[in-house]
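A.B. asks: Just to be clear, the model below is a prediction. Sequence and coordinates:
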Amino acid sequence: MHVDLILDSRLSAPEITELGLLAEKYGMQTIWVASYLDSREPFVNLSQLASQSSQINLGPVALNPFDTHPIRIAAGLLTLNELSSGRASIVIGGGGEALQSLNLKTVKRVRAVRECIEILKSISPSHSLNYNGEIFQVNNYHPFWATQSIPRVYVAANKPQMLKMSSRLSDGIMMSDLPATLIKRTVEEVSAHLVAFGRDLDDFRFNNFMAWALYDDKEEAIKEARQWLGYRGLFRRWVITTFMSDADYDLIEAHKQEIYQMPKLNTHSVPGVPDSLLDKLVDHLTLTGHVSEVDQKIEHLLALKAAGLTDVALELRQNPAASIKLIGEQVIPALKN
């Protein structure tokens, strides 16, 4: 199983470059940069790393076709691919917190993502693209300067319709915070679709987005993981009730807005929600603890690998250089065995 990293989108280009080169040294596969409403522009922020690195892949996670037209996504992706000599990748999703902030409506979400992927996959420097979709239209788009190698296009997918569409068109899926049982079920479902579509299973990637917080101060690690729970794919009953009662989930759902606000308020508790319940979410949805617990987290990752995961994307926040060193020296060798 390959290890990817998701870096804090608030980091500057020089900071991302320094961390990306360190990750490349340890043999990590991809540097992803999250795309939030108040983050730096991801393609621009990755450009310095693209030109200074030589092996590691890189790209944004996850862009959506509702706040950015697929052709504008394509222009950024192809430019990053040119700068990196063919190492660019991208994750396309159907949502994100920016949509709510911009009051944008997600009409026909699966259809929009599908058309976005069809556009990205149809672009070539050798001919013009004309595309007449139900949602998006393109006339005479010809990036003659683009490299011949086509960037890998993933889809942020967890539900049946998006998974089926992704199986037909994309290079892989990025799930979010799923336990081994649900990863196994998803891999089996997608694999059946791949066979039905006549695709090679070995060419398709299964990734899972997870938060990593192993620090010398375990209490600080737990506080961080709690604070960012709202970004952990939290409000999905079908996931949470695999380890929590419906009543507990209803309590979490009732405090959704307060949980989303924790990072902005710099708090790690929610009035009305027991800390023990938040800690249970942290235990099941993240890789959090003291650095001495790294072997337990490796066992967790090996269970995901056994369930069919080919890649894992670990999101880093505090002291990312130390986390990269720990992952590079202990986690990657264990996952290769």
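C.D. replies: Sure, I can see it.
A.B. asks: contacts, neighbours, all on C-alpha from now
C.D. replies: Noted.
A.B. asks: OK, contacts around Glu2?
C.D. replies: For the record, residue 2 is His, not Glu. Residues counted as contacts of His2 (C-alpha atoms under 8 Å, 6 or more residues apart in numbering) are Met28, Gln29, Thr310, Asp311, Val312, Ile332, Leu335.
A.B. asks: of these, closest to Ala254?
C.D. replies: Val312 (30.5 Å; C-alpha to C-alpha).
A.B. asks: what's the distance between the closest one and Glu220?
C.D. replies: 24 Å (C-alpha to C-alpha, to the nearest Å).
A.B. asks: Look at the two and report which has more neighbours.
C.D. replies: The neighbour count for Val312 versus Glu220, taken as other C-alpha atoms under 10 Å, is higher for Val312 (24 against 17).
A.B. asks: which SS class is that one?
C.D. replies: strand (DSSP: H, G, I helix; E, B strand; the rest coil).
A.B. asks: Can you check what pLDDT the model gives it?
C.D. replies: At Val312, the predicted lDDT confidence score is 98.
A.B. asks: distance of it from Leu281?
C.D. replies: 19 Å.
A.B. asks: same question, Leu229
C.D. replies: Distance, Leu229 to Leu281, by C-alpha to C-alpha: 8 Å.
A.B. asks: What of Asp8?
C.D. replies: Applying C-alpha to C-alpha to Asp8 and Leu281 gives a distance of 21 Å.
A.B. asks: Likewise for Ala254?
C.D. replies: Distance from Ala254 to Leu281, counting by C-alpha to C-alpha: 15 Å.
A.B. asks: which of these two has more neighbours?
C.D. replies: Neighbours per residue (other C-alpha under 10 Å) separate Ala254 from Leu281, with Leu281 holding more: 20 against 13.
A.B. asks: any idea how far the helix or strand harbouring that one is from the chain center?
C.D. replies: Element membership for Leu281, per DSSP states H and E: helix 275-285. Remark: helix 275-285 is offset 21 Å from the chain centroid, using C-alpha atoms, centre = their mean, to the nearest Å.
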